[in-house]
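Asks: 3D, please:
(2 chains)
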Amino acid sequence: MEPFYKLLRNGLIILVLLFATDRALGALIEHFFFNEKQGDSAVTTHGILDANEDILIFGNSRASHHYIPELITEKTGLSCYNLGRDGMKMLYYETLLKSVLSYHTPKVVILDLNLNDFEYQHQEEQKLTAVLMPYINKNKEISELIYTQSKMEFSLAHISTLYRVNSLPMSIVQHHLEIGQKHFNGYEPLSGNMPQSAKVRHIDNANYKESKDQLTAFENFVKATKSKNIKLHVLVSPGMKIHKHNALKTADRILSKYDLKCYNYSELFNADANKLFYDVGHLNEIGAKAFTDAVIVDHLAEMPATEIN
Amino acid sequence: MLFNSLHFFFFFIVVTPAFFLLSHQHRWKLLLVASCYFYMTFVPVYILILGFTIIIDYFAGILIENSKGKRRKNFLILSLVANIGVLAVFKYYNFLNDNLSFLLGNIGYQNRVPYLEILLPIGLSFHTFQAMSYTIEVYRGNQKAEKHFGIYSLYVMFYPQLVAGPIERPQNILNQFHTKQYFNYTNVVEGLKLITWGLFKKVVIADRLSIYVDAVYNNADQHSGLTLIVATVFFAFQIYCDFSGYSDIAIGCARVMGYNLMINFRRPYLAGSIKEFWSRWHISLSTWFRDYLYFPLGGSKVAIPRWYLNLFIVFMVSGLWHGANWTFIIWGALHGIYQIFSVSFKKFNERNILGYRPLTNALHVFITFALVCFAWIFFRANNVTEAFNICKSIFTLKGGGLFIGTPEGFVYALIWILFLLVVEYITEYHSDIIKVFYSSNRVVRYAGYTVIVLFIILFGVFNGGQFIYFQF
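Replies: Below is the predicted model of the structure:
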């Protein structure tokens, strides 16, 4: 049995070495991760750990490129942070809001609803788990969400510190060196515009299918703001791609249960599309300024709202 | 159950110690039950197909051995028809039906032959070919018929190589099941090293590259020529790391228990010609076709036109083996044409055209890689029209910038390709460095193991899905 004991002994040495290196290297990477000042993760970290602003904006990349917190603060006197993150959907917004509410109650929440936010997307849960994994030990809401989504991921994240920061080293280096886009209180400006020939496209997406999980997350999001007496504005920001089947009707149906409405600005800038858009889905910085001004006038300056629906 | 899943990890750490705890006479039972369980985690009912071919080939082997003359040949034909019949029904029926509909449609007739609503059994082509090699070898007298039904079943179903090879020969693996395997420290360590390296290639390199490749190839019409070139090169490394990673894990799992499976890859992208490429890529399949199709057709010992035809047939069939789709057939045909050109211009290829041998060799490696990549376009494209459109975009250098996807993902992809190339180059040309690494002190060795495992945890893509070759 000597070879067996040799294997056992050497295997144990390697396991100890692995465990120690995993913890040490993982702690080091986590340190740099939680101290990022730029990038999508820095925005999520702000929301999960230290958001203390009066107005918080939730949504995906369209939110992060369309709402200028500094402009809102200047016009309303209320502090503001844009928590929009590229590629996210309702499940993410709901989890982020619950995380914020566990330690802070903002006065106003703006939810930038994307027209496909309720749409079923393959592997949505895996994507969400990957984004929120580094925070598993930082916030109870996130820990519970990951446990619900995948017990295996939950266990792995507790066994290995490095697993929690899987694939992140490159973006951490990038953000610490401040390479790429910059955020300003979460707002990420885009420079440039669409060609003169660019026109709004109406798309007949006949295969549109809503996800039950996303709908539940939306309703939970609304309920959570209601329970804390937070003023909620659900807006659809301008876009050049208008889908025939979209989230609007369902959103209105759910919001009406809570005496709320969804304000649709999707076609607000049709006339000047080529000047105000960076691409079909996102406003450039000029467009963002014009849209933020409109939002302030319609919703934040306590002026009568223009219901576009 | 995928090799890159926790499910397999638990399976492996239960089956392997149990194997050594059992006496030799009971080990085949454990391995057979484990292999059945392994296969049934995909689509349980398809084990019946395996059972069918196992029964046919088991009896065919015995009958071939006990018969003489024409009867002997008839039993071989029976076995081959059963195996190819299963392949034809489950893999090629709907494809043939599609083409029949197309042909009849063109002359104004409607095809009334119904389609089969079936899923392709995982790894069907692999275990069918392994089963066929058994009856052929028994027929040729190179292998005695296996009398032990359980051992024969294990030959077809041995879990490490059941779903994606290497496609073994009975002379190698069947006899090993009769030999008592002892717990051997070197075998276990070497096996574990192979498993780790295979896992690294799969989750760190292949699955990382697949993110970019899928994003480009699934919207190929929207991308520039440059982007499509990059995506095709990435796919070349993706499929290599995916498949050779699987083979390494398979060989490693078997090695831990003392079984030696054949090598399936030998740094194929360092090949200096297409002929050499096929002696380094999917070796178990290319040698299968060589022994059971190319040689029986006459190989190279026939008139030159017939020799070229033989080469072309073998590669066309190899393409068809991969999948019931014209994309695979064109892929195979391209390799057939490459081979014909390669042998036709052999003397020209051997000339030192750049005057400096290492530079000429490097040029040959580059040209071979470019040709292989061109063929990969057809292998990866979703259909033939799309493949030709991709070729058009590449050759006309269709405008637009380089699609990056996520910048960090793109940089990771480049880093890992470079890392792989360095490792392959060192292994190929400076194996003394590898030896130093193997024989150096324990601290260096353990640091090496730790780094590879940590790389897997830190940089692995763990939702990358199944291995590409499972579909074949």
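Asks: So which residues lie in contact with the helix or strand encompassing residue A:132, not counting its own?
Replies: Applying DSSP states H and E as the criterion places residue A:132 in helix A:124-132. Under the contact criterion Cβ atoms under 8 Å, 6 or more residues apart in numbering or on different chains, helix A:124-132 has outside partners A:44, A:85, A:87-89, A:91-92, A:95, A:142, A:145-146, A:149-150, A:153, A:166-167, A:211, A:213-214, B:463. Every C-beta, even on glycine, is put in place using the N, C-alpha and C of the backbone.
Asks: so of the residues you listed, which ones are in strands?
Replies: Using DSSP state E, no member of those sits in strands.
Asks: Among those, name the buried ones.
Replies: The neighbour count (16 or more other Cβ atoms under 10 Å in any protein chain shown) marks A:44, A:85, A:88-89, A:91-92, A:95, A:142, A:145-146, A:149, A:153, A:166-167, A:211, A:213-214 as buried among the contacts of helix A:124-132.
Asks: Mind listing what's buried along the helix holding residue A:132?
Replies: By neighbour count on 16+ other Cβ under 10 Å, the buried set for helix A:124-132 is A:124, A:125, A:127, A:128, A:129, A:130, A:131, A:132.
Asks: ok, of those, which one's closest to chain B?
Replies: Chain B has its nearest neighbour among these in residue A:130, at 7.9 Å by Cβ to the nearest Cβ.
Asks: Output the set of residues of chain A in proximity to chain B.
Replies: Contacts of chain A with chain B, taken as Cβ under 8 Å from any Cβ of the partner chain, map to A:3-4, A:6-7, A:13-14, A:17-18, A:21-22, A:25, A:29, A:123, A:126, A:130, A:152, A:156, A:160, A:162-163, A:165-167, A:169-171, A:174, A:180.
Asks: Just the buried residues of those residues.
Replies: By neighbour count, with 16+ other Cβ under 10 Å, the residues of chain A next to chain B hold A:7, A:14, A:17-18, A:21-22, A:25, A:29, A:130, A:156, A:160, A:162-163, A:165-167, A:169-171, A:174 as buried.
Asks: Please say whether there is contact between the longest helix along chain B and chain A.
Replies: Counting by DSSP state H, the longest helix found in chain B is helix B:225-256. No. For helix B:225-256, no contact with chain A is found by Cβ under 8 Å from any Cβ; the gap never falls below 10.3 Å.
Asks: Who are the packing partners of that helix?
Replies: Counting contacts by 3 or more Cβ pairs under 8 Å, 6 or more residues apart in numbering or on different chains; DSSP states H and E, helix B:225-256 is packed against helix B:6-21, helix B:185-199, helix B:207-217, helix B:357-380, helix B:384-395, helix B:407-429.
Asks: rerun at 6 Å
Replies: Applying 3 or more Cβ pairs under 6 Å, 6 or more residues apart in numbering or on different chains; DSSP states H and E, we find helix B:225-256 packed against helix B:185-199, helix B:207-217, helix B:357-380, helix B:384-395.
Asks: Looking at the stretch 101-250 of chain A, what residue ends up closest to chain B?
Replies: Counting by Cβ to the nearest Cβ, the stretch 101-250 of chain A gets nearest to chain B through residue A:170 (3.8 Å).
Asks: ok, how many other residues are close to the residue nearest to that residue when sequence neighbours are not counted?
Replies: Distances taken as Cβ to Cβ, 6 or more residues apart in numbering or on different chains put residue B:408 closest to residue A:170, at 3.8 Å, once the chain neighbours are dropped. When neighbours are counted by other Cβ atoms under 10 Å in any protein chain shown, residue B:408 registers 18.
Asks: hang on, isn't residue B:274 packed against residue B:342?
Replies: Yes. Contact criterion Cβ atoms under 6 Å: residue B:274 and residue B:342 qualify, at 4.8 Å.
Asks: More neighbours: which of these two?
Replies: Taking other Cβ under 10 Å, residue B:274 and residue B:342 do not tie; residue B:274 has more neighbours (24 against 20).
Asks: so who does the more buried one touch?
Replies: For residue B:274, the contacting residues are B:338, B:339, B:342, by Cβ atoms under 6 Å, 6 or more residues apart in numbering or on different chains.
Asks: which one is it nearest to, not counting chain neighbours?
Replies: Nearest non-adjacent residue to residue B:274, counting by Cβ to Cβ, 6+ apart: residue B:338, 4.2 Å away.
Asks: re the thing from before, using TSV, please lay out the helices and strands packed on helix B:225-256 together with mean neighbour count, mean pLDDT and distance to chain A.
Replies: Output for those, formatted as TSV (neighbours: other Cβ atoms under 10 Å in any protein chain shown; pLDDT from 0 to 100; distance: least, Cβ to the nearest Cβ, whole Å):
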stretch	mean neighbour count	mean pLDDT	distance to chain A
helix B:185-199	19	92	4
helix B:207-217	22	92	8
helix B:357-380	17	94	20
helix B:384-395	16	93	20
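Asks: Go through these and name the closest to residue B:280.
Replies: helix B:357-380 (10.3 Å; Cβ to Cβ).
Asks: if I pick residue 94, what's in contact with it?
Replies: You didn't say which chain, so I picked chain A. Residue A:94 is in contact with A:217, A:220, A:221, counting by Cβ under 6 Å, 6+ apart.
Asks: Can you look at chain B instead?
Replies: Applying Cβ under 6 Å, 6+ apart, we find residue B:94 in contact with B:115, B:116.
Asks: A helix includes it, no?
Replies: Yes. Counting by DSSP: H, G, I helix; E, B strand; the rest coil, residue B:94 falls inside a helix.
Asks: thought residue A:187 was touching residue A:83?
Replies: No. Counting by Cβ under 6 Å, residue A:187 does not reach residue A:83; the two are 10.4 Å apart.
Asks: quick one on the thing from earlier: could you dump the contacts of residue A:94 into TSV with pLDDT added?
Replies: Shown next, in TSV, are the contacts of residue A:94 (pLDDT from 0 to 100):
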residue	pLDDT
A:217	90
A:220	94
A:221	95
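Asks: out of those, which is most surrounded?
Replies: residue A:221 (24 neighbours).
Asks: who's in contact with the helix or strand where that residue lies?
Replies: Per DSSP H and E, residue A:221 falls inside helix A:212-227. The contact list for helix A:212-227 (Cβ under 6 Å, 6+ apart) reads A:89, A:90, A:91, A:93, A:94, A:97, A:109, A:118, A:232, A:254, A:258.
Asks: For the last one, list the residues it contacts.
Replies: This means residue A:258. Taking Cβ under 6 Å, 6+ apart, we find residue A:258 in contact with A:222, A:226.
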